[in-house]
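K.L.:
What shape does this take:
(one chain, ligands or ions: 1)
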Amino acid sequence: MTASFGSYQNEIYLQGLVDQIPAFTTDAAVLEGVARGRMEPGPFGYVSGGAGSGATLRANREAFDRWRIVPRMLTGATERDLSVTVLGTAMPAPVLLAPVGVQAIMHPDGELATARAAGALGVPMVLSTAASHTFEDVAEANGDGPRWFQLYWPNDNDVTISLLQRAKAAGFTALVVTVDTWTLAWRPADLDRSFLPFIRGIGTAIPFSDPAFLAGLEKSPSEDPQAAVLRWIPMFTGTDKRWDQLPFLREHWDGPILLKGIQHVDDARLALDAGMDGIVVSNHGGRQVDGAIGSLDALPEIVAAVGDRLTVLFDSGIRTGADILKALAIGAQAVLIGRPYAYGLALDGEAGVRHAVRSILADFDLTLGLSGHRTPAELSPNTLRRA
Ligand code: FNR
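P.N.:
Residues are numbered from 1 along each chain as shown. I've put the predicted structure just below:
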């Protein structure tokens, strides 16, 4: 599978001949500023915000600045193949769309727009439990596109089993269990506006369409939305799980399982001991623990400890093609991007997601080639130097 992502550049310059420019910036690093001016303050604060003082958000970005690429020349890098296979999923580039919940606050089409854009590009999407559309509708919008499911692990086993069965039936092939968000962090941007989508019933499409969840309600969510919300919120938030509970998921999910939200090398080792297939080295885009280590700073030690036995993915802070290259060179097998496509969705729906994702993939493709590489596999720590 090859796709010339870099050729998006030619497409954009050719549009200039008929006086057209892109609908919004090609620079994911300044996208946030564009979105700030065009989104409602509540949704903008929800997407852009971090935990506490925002120190982890800043640390995520600063971590990338401490590495520099050392380009190689005359390697014949004209033709490139970015495709990889991760845990059985073939993808056109080592990039997935991170699970981002409540996408209806960004655009009315929400996850359906993301699913269409991802499906058209063949880029895997990871659907959040906190989605504003059901598994079944997202799968239909996604068509033949590769898709994984991210679980916020409910405290009710029957509901958990039902969600896993539905995800499987709808073609979601890998399970990403988010372990860093068993309760919400102190998030001043949302607190200051009293803005929490779930309380308003946004991001509840999956449980509200679930037979096991509905069985516990006296009235349907449309008849009594408040009661449904009040049953769901304590079911998916407020209780931390433990390592010895992971076999339950293995029992009820026969595909690959990854733990998302790992930052400490000891937790990476525990994930390996627990028989997990992979981890996502992530701090939830700086949204959970204020003052935490930049996610990229956590990556080298984890790769060294478990990288040969566990699939290691990475997210938090990726904004450019160079960022993707650095994470892969350090040893991640693929990366997830979050806010850049969420802003694309807010700014221009399906077309916005496509533009945001194509921009970052084009940037990665060109940076990979210009630094002398034909495939992601050619990247190694030797590609980088400490700044
Ligand atoms: C998230 N993230 C997230 N993660 C998850 O496992 N389930 C979820 O429902 C959500 N929801 C969510 C909403 C919003 C608005 C954001 C910005 C993020 C975290 C996400 O998957 C990913 O870890 C980060 O977004 C990566 O950091 P960057 O790329 O946004 O810096």
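K.L.:
Neighbours of the closest residue to the ligand within the stretch 201-350 of the chain, how many?
P.N.:
Closest residue of the stretch 201-350 of the chain to the ligand, Cβ to the nearest ligand atom: Gly338 (2.1 Å). Yep, even glycine has a C-beta here, placed from its N, CA and C like the rest. Per other Cβ atoms under 10 Å, the neighbour tally for Gly338 reads 21.
K.L.:
what do you get for the one 10 residues further on?
P.N.:
Applying other Cβ under 10 Å, we find 19 other residues in the vicinity of Asp348.
K.L.:
Contacts only, for Ala298.
P.N.:
For Ala298, the contact set (Cβ atoms under 8 Å, 6 or more residues apart in numbering) comprises 263-265, 281, 283.
K.L.:
what does the chain put close to the ligand?
P.N.:
Proximity of the chain to the ligand, by Cβ under 6 Å from any ligand atom, involves residues 46-47, 98-101, 128, 130, 150, 178, 260, 282, 284-285, 315-318, 337-339, 342.
K.L.:
Just to be sure, which of these are found in helices?
P.N.:
Members of the residues of the chain next to the ligand lying in helices (criterion: DSSP state H): 46-47, 339, 342.
K.L.:
Mind putting these into a markdown table with distance to Arg193?
P.N.:
Output for those, formatted as a markdown table (distance: Cβ to Cβ, whole Å):
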| residue | distance to Arg193 |
| --- | --- |
| Tyr46 | 9 |
| Val47 | 13 |
| Arg339 | 18 |
| Ala342 | 18 |
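K.L.:
Go through those residues and single out the one with the most neighbours.
P.N.:
That'd be Ala342 among those, by other Cβ under 10 Å, with 30 neighbours.
K.L.:
who touches the residue nearest to Arg187 when sequence neighbours are not counted in this structure?
P.N.:
Nearest residue to Arg187 in three dimensions, chain neighbours excluded: Gly49, at 5.4 Å (Cβ to Cβ, 6 or more residues apart in numbering). Contacts for Gly49 (Cβ under 8 Å, 6+ apart) come out as 187-190, 287.
K.L.:
do you know how far Val34 is from the ligand?
P.N.:
According to Cβ to the nearest ligand atom, to the nearest Å, Val34 stands 16 Å off from the ligand.
K.L.:
just checking, that residue touches Thr25?
P.N.:
Yes. The pair Val34 and Thr25 qualifies as a contact (Cβ atoms under 8 Å) at a distance of 5.6 Å.
K.L.:
Which of these two has more residues huddled nearby?
P.N.:
Shown here are Val34 and Thr25; by other Cβ under 10 Å, Thr25 has more neighbours (18 against 15).
K.L.:
those strands in the stretch 251-387 of the chain, which residues are they?
P.N.:
257-262, 278-281, 311-314, 334-337, 384-386 (DSSP state E, counting those that start in this stretch).
K.L.:
quick one: the first one to chain centroid distance?
P.N.:
For strand 257-262, the gap between its own C-alpha mean and the chain's C-alpha mean amounts to 12 Å (Cα atoms, centre = their mean, to the nearest Å).
K.L.:
what lines up beside that strand in the sheet?
P.N.:
strand 175-178 (parallel), strand 278-281 (parallel) (DSSP bridges).
K.L.:
Can you say which of those is packed in most?
P.N.:
strand 278-281 (a mean of 27; mean count of other Cβ atoms under 10 Å).
K.L.:
CA atoms only for that one, dumped as PDB, please.
P.N.:
Extracted C-alpha coordinates of strand 278-281, given in PDB (Å, rounded to 0.1, in the frame of the first residue of the first chain):
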ATOM      1  CA  GLY A 278       0.700  -3.000  23.200                       C
ATOM      2  CA  ILE A 279       0.800   0.400  25.000                       C
ATOM      3  CA  VAL A 280       0.200   3.900  24.000                       C
ATOM      4  CA  VAL A 281       2.800   6.100  25.700                       C
END
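K.L.:
what does it rub up against?
P.N.:
By Cβ under 8 Å, 6+ apart, strand 278-281 touches 86-87, 176, 256-263, 268, 271, 295, 298-299, 302, 306, 310-315, 332, 336.
K.L.:
Now with 6 Å, please.
P.N.:
258-260, 262, 268, 271, 298-299, 302, 310-314 (Cβ atoms under 6 Å, 6 or more residues apart in numbering).
K.L.:
Turn those into TSV, columns for pLDDT.
P.N.:
Shown next, in TSV, are these (pLDDT from 0 to 100):
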residue	pLDDT
Leu258	99
Leu259	99
Lys260	98
Ile262	98
Ala268	98
Ala271	98
Ala298	98
Leu299	98
Ile302	98
Leu310	98
Thr311	98
Val312	99
Leu313	98
Phe314	99
